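# Fold the following and give me the result.
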Amino acid sequence: MSAFDLHASLVEAERRLARVRDRPRRRSDAGVSRIDPLAQQKLRDLLSGFERRPTRQILADLQGFCRSAGCRMPARATVYQLIKNVGTPQHRAGDLPPAVRDALYNVEDDTMVPEAQIAFYCFNYGDLAAMSFAAGLPWLALHQASRMRGWRHKSRGPLDAVLRARGM
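The predicted model follows:
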């Protein structure tokens, strides 16, 4: 008889893996957000418009809200980080126009796709109709798409033209 019990070892490994699998995955260096959830939601609302508002106006509106709600105002640098990282609204790929679905060539129809990713794919891989659709997306989607990596050589120019025409 062996000192090693294979069956017991497999059961124990499955138990450990199930415990790890059930935990949400986070980056190892990610800290806990210290931004008040009310302030974060208000900032999302302030950033969700079609046209970009001046950042000083966003900060002033957020400061007024934080004063009235009794929550702590996030620092200016934190607001800028949230502008870069806040999630844009998502759309089901199958509900998008055909030209946009063609630009999203590797996405299933039931997949929820963020607007920033839609803009990136439309300008990179889409035809004129897809680019026209992407040009009409809210400013935050275009702003975040412009900062994504992997732009094709001549695809960035139309996005820059749209950003310039819309004053971003």
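
# Could you verify that residue 91 is part of a helix?
No: read with DSSP: H, G, I helix; E, B strand; the rest coil, residue 91 is strand and lies in no helix.

# measure it to residue 113 for me?
6 Å (C-beta to C-beta, to the nearest Å). Any C-beta I mention is one placed from the backbone N, CA and C, and that applies to glycine too.

# what do you get for residue 139?
The value you get for residue 139 to residue 113, if C-beta to C-beta is used, is 18 Å.

# do residue 124 as well
From residue 124 to residue 113 the distance is 14 Å (C-beta to C-beta).

# shared neighbours of the two, which are they?
Common neighbours of residue 124 and residue 113 are not found (criterion: C-beta atoms under 8 Å, 6 or more residues apart in numbering).

# what about the closest residue to residue 97 other than its chain neighbours, neighbour count?
In this structure, residue 97 finds its nearest non-sequential neighbour in residue 133, 5.9 Å apart by C-beta to C-beta, 6 or more residues apart in numbering. Other residues near residue 133 number 18, with proximity taken as other C-beta atoms under 10 Å.

# List the buried residues for the helix or strand hosting residue 133?
Taking DSSP states H and E as the definition, residue 133 sits inside helix 128-135. Buried residues in helix 128-135, defined by neighbour count with 16 or more other C-beta atoms under 10 Å: 130, 131, 132, 133, 134, 135.
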